[in-house]
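Colleague: Just a sequence and a predicted model for now, questions to come.
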Amino acid sequence: MAKIMTKPTQIWPDDLAATYRAKGYWRNVTFGMWLDEIAGRFGPRLAMVAGDSRMTYAELRTEAQRYAGGLLASGLEPCDRVLVQLPNSARFLPVVLGIMYAGLIPVYALPAHREREVVHLASGSDARAMICAARHEGFEYAPLARQALAACPALKTAYHDGPACDGVAALDSLLSAPLATPTPVDPCDVAFLQISGGTTGFPKLIPRTHNDYIYSFEASAGICGVTQDSVFLTALPAAHNFPMSSPGYFGALSVGATVVMSLSPAPDACFALIEAERVTHTGLVPPLALLWMQAAAKTGHDLSSLQVLGVGGAKFTPESAARVRPTLGCTLQQVFGMAEGLVNYTRLDDPDEVIVNTQGRPISPDDEILLLREDGTPVSEGEPGILHTRGPYTIRAYYNAPEANRRSFIEGGYYCTGDIVKRRPDGYLEVQGRSGDHINRAGEKVSAEEIEDHLLAHEAVFDAAVVAVPDPFLGERSCAFVVTEEGKSVTPPALKAFIRARGIAEFKVPDQIIFTEAFETTAVGKVDRKSLRQILKDKHFNKEPA
Ligand code: OOB
């Protein structure tokens, strides 16, 4: 079968790679070696709390080694991809660490993903196995696993976290004799694949290497003040880059801290865990931070252990940011990052003005930032521009996506983030907006094009345009403008049900649907989709366009 290019095209040029090594960013350590390292250094310390399960570093390593042994015994070979769709349960860490210990490559799906996304991820990565939950938030994963098996010829086996059933094996059946040492792989090779938020119809796969990723979370642990005595709460879905590495559970484990996994990010679940485990650090998207601040005023739980709340994934307004310390009693750290790499943090000892008003500055002195105008010329000092970046942990290309790569990377290997950013004289960044066409719905990125394609699949839909609309709670919500075929009609609930039935994550279903006669574009002549979306948005949600 076709093998993945384990050294994808984003190989850094020799001179930059040499610099990153010389400066000690890239330690030439793989995830498997890293697990041995942390188990060696912190063996008897408590590594993970998840539900009733409590594991020391040594136990976490053994459990990962047992999965690694089972995965290789099942016939998988080094560099094979394994799709993982697990919630924040006791299984998550041992399974993903086991996959990497075996020299295999996890492909992270979110628990919210459904058939479309899972099939896209599995087929796009040529995954040979899939590991999922049995049930989470009322959803059964075995039927989804069967759909993926049927749709993806390379996918041979699916395991779920329950007893074997009709074509889906039990995850427990993978627990075998421990693999004693990690399968040797090159630290410059791909360690895992993650899905991009994406602005195009098909989400792209982000290949992160051992070297670059381990650097990003080890450096983050320092910047976020995580130490051996810290307790990190994984409240957001663990497959997201933010809770994974900013500083995330990996950053926490790198310094011997304890990681607490919560199946839900809701205040009631998390506050109980904060009190019981004396949580010191966690990360949230802005809508959840707002919810937590509201709930904290009324809670009976003791939240006094909390030291640092990281907030990122979407813009946190200065008004909300200023309320974090008074309501939650901890330091706010703004986090502006992306799964493609670059992460910016406000520093813990920054003045309040900086913490409240900015989205921080990069992790690394070697993160290079270019702010460009639409025409590609650099902005003048203090002027907002489109953020482009390259550095020791920012990808150089998406996986197997030449066309997307042409759009997203410019000369010199800079990644175009699409974010409109202003750089202050002190070097801190302020996110002002975005030039790309996605909806940032509570931190989940929804591609307008992807949803338009689903709408267009309905027989009564003639044309559709999906736009982001400001929302006081979600930050942005999605609104679909729909023109129906002559003589045909469909109601908003029926259209939403149709989209849902196509097998996509619930957060992608349009929040609002507005039917319109036609897209009146005559005044501006023939316009591209991007301009059309802007015209519709201006007409319906702002004043008339100028
Ligand atoms: C994180 O990663 P992604 O890949 O889901 O989304 C990246 C995009 C950024 O390009 C930007 O548009 C937006 O999310 N974003 C923010 C932000 N943090 C992310 N926009 C405004 N303010 C912020 N603080 O979202 C992510 C990855 C690692 C750490 C944190 C967030």
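Modeller: That came through fine.
Colleague: which secondary structure elements does the lengthiest helix in the chain contact?
Modeller: Longest helix of the chain, by residue count under DSSP state H: helix 57-73. Here helix 57-73 touches helix 31-42, strand 46-50, helix 92-101, going by 3 or more Cβ pairs under 8 Å, 6 or more residues apart in numbering; DSSP states H and E. Every C-beta, even on glycine, is put in place using the N, C-alpha and C of the backbone.
Colleague: ok, and what's touching the next helix or strand after it?
Modeller: Per DSSP states H and E, helix 57-73 leads on to strand 81-85 as the next helix or strand towards the C-terminus. Contact partners of strand 81-85, identified using Cβ atoms under 8 Å, 6 or more residues apart in numbering, comprise 4, 71, 76, 92, 95-96, 99, 104-111, 113, 118, 121-122, 125-133, 141, 144, 148, 155, 193, 239.
Colleague: now, which of these lie within helices?
Modeller: Per DSSP H, helices hold the following members of these: Leu71, Phe92, Val95, Val96, Ile99, Val118, Leu121, Ala122, Ser125, Leu144, Ala148.
Colleague: So which residues on the stretch 101-250 of the chain come close to the ligand?
Modeller: With the criterion set to Cβ under 6 Å from any ligand atom, the stretch 101-250 of the chain comes near the ligand through Gly197, Asn241, Phe242, Ser246.
Colleague: Could you identify the least confident member of the residues you listed?
Modeller: pLDDT across these is lowest for Gly197, at 75.
Colleague: Tell me which residues touch that residue, please.
Modeller: Gly197 neighbours (Cβ under 8 Å, 6+ apart): Pro203, Met338, Ala339, His438, Asn440, Glu444, Lys445, Ser447.
Colleague: tell me which of those residues is nearest to Lys298?
Modeller: Nearest to Lys298 among the contacts of Gly197: Glu444, at 27.2 Å, using Cβ to Cβ.
Colleague: what's the burial count for that closest one?
Modeller: Residues lying near Glu444 (other Cβ atoms under 10 Å) number 21.
Colleague: my guess is it meets Ile504, correct?
Modeller: No - if you go by Cβ atoms under 8 Å, Glu444 and Ile504 don't touch, sitting 11.9 Å apart.
Colleague: How is the chain partitioned into domains?
Modeller: 18-418, 438-541 (automatic domain parsing).
Colleague: Return the most buried member of the ones you listed.
Modeller: domain 18-418 (a mean of 20; mean count of other Cβ atoms under 10 Å).
Colleague: now do the same end-to-end measure for that one.
Modeller: Terminal residues of domain 18-418 lie 29 Å apart, using Cα to Cα, to the nearest Å.
Colleague: How far away from the center of its chain is that domain?
Modeller: A distance of 7 Å separates the centroid of the chain from that of domain 18-418, by Cα atoms, centre = their mean, to the nearest Å.
Colleague: So Tyr213 belongs to a strand, correct?
Modeller: No - read with DSSP: H, G, I helix; E, B strand; the rest coil, Tyr213 is helix and lies in no strand.
Colleague: Quickly note the distance from it to Leu284.
Modeller: Applying Cβ to Cβ, to the nearest Å, the value for Tyr213 to Leu284 is 22 Å.
Colleague: try Glu485
Modeller: From Glu485 across to Leu284, the span is 43 Å (Cβ to Cβ).
Colleague: go on, Arg114?
Modeller: Taking Cβ to Cβ, one finds Arg114 at 24 Å from Leu284.
Colleague: And for Phe139?
Modeller: 23 Å.
Colleague: And Arg500, by the same measure?
Modeller: 27 Å.
Colleague: next one: Ala109
Modeller: Ala109 is 21 Å from Leu284, by Cβ to Cβ.
Colleague: same check, this time on Gly385
Modeller: From Gly385 to Leu284 the distance is 28 Å (Cβ to Cβ).
Colleague: Same question for Gln333.
Modeller: 11 Å.
Colleague: got it, and Tyr428?
Modeller: 21 Å.
Colleague: can you check Val483 too?
Modeller: Val483 is 38 Å from Leu284, where distance means Cβ to Cβ.
Colleague: what do you get for Pro182?
Modeller: Pro182 is 33 Å from Leu284, by Cβ to Cβ.
Colleague: Now the protein against the ligand: closest residue?
Modeller: With Cβ to the nearest ligand atom, the shortest gap between the chain and the ligand falls at Gly337, namely 2.6 Å.
Colleague: check contacts around that residue.
Modeller: Gly337 neighbours (Cβ under 8 Å, 6+ apart): Asn241, Phe242, Ser246, Gly312, Val343, Asn344.
Colleague: How about it: what's its closest non-neighbour residue?
Modeller: Nearest non-adjacent residue to Gly337, counting by Cβ to Cβ, 6 or more residues apart in numbering: Val343, 3.5 Å away.
Colleague: I figured that neighbour hits Ser246, correct?
Modeller: Yes - at 5.3 Å, Val343 and Ser246 qualify as touching, with contact defined as Cβ under 8 Å.
Colleague: can you list residues touching both of the two?
Modeller: With Cβ under 8 Å, 6+ apart, Val343 and Ser246 have common neighbours Ser220, Val335, Gly337.
Colleague: In what element of secondary structure is the first one found?
Modeller: It refers to Ser220. helix 210-223.
Colleague: By mean pLDDT, show me the worst of the domains of the chain.
Modeller: Confidence, taken as mean pLDDT, is least for domain 438-541 of the domains of the chain (a mean of 91).
Colleague: what about that domain, how long is it end to end?
Modeller: So domain 438-541: terminal residues 17 Å apart, Cα to Cα.
Colleague: So which bits of this structure are right by the ligand?
Modeller: Going by Cβ under 6 Å from any ligand atom, the residues of the chain near the ligand are 197, 241-242, 246, 312-315, 334-339, 343, 359, 417, 419, 431, 434, 440, 443, 445.
Colleague: same thing but 8 Å
Modeller: Contact residues (Cβ under 8 Å from any ligand atom) of the chain with the ligand: 196-197, 206, 240-242, 245-246, 283, 285, 310-316, 334-340, 343-344, 359-360, 387, 417-419, 431, 434, 436, 438, 440, 443-445.
Colleague: need the strands for the stretch 201-350 of the chain, in chain order.
Modeller: 205-209, 231-234, 258-261, 281-284, 308-312, 331-338, 341-345 (DSSP state E, counting those that start in this stretch).
Colleague: what's the fourth one packed up against?
Modeller: On a contact count with 3+ Cβ pairs under 8 Å, 6+ apart, strand 281-284 meets strand 231-234, strand 308-312.
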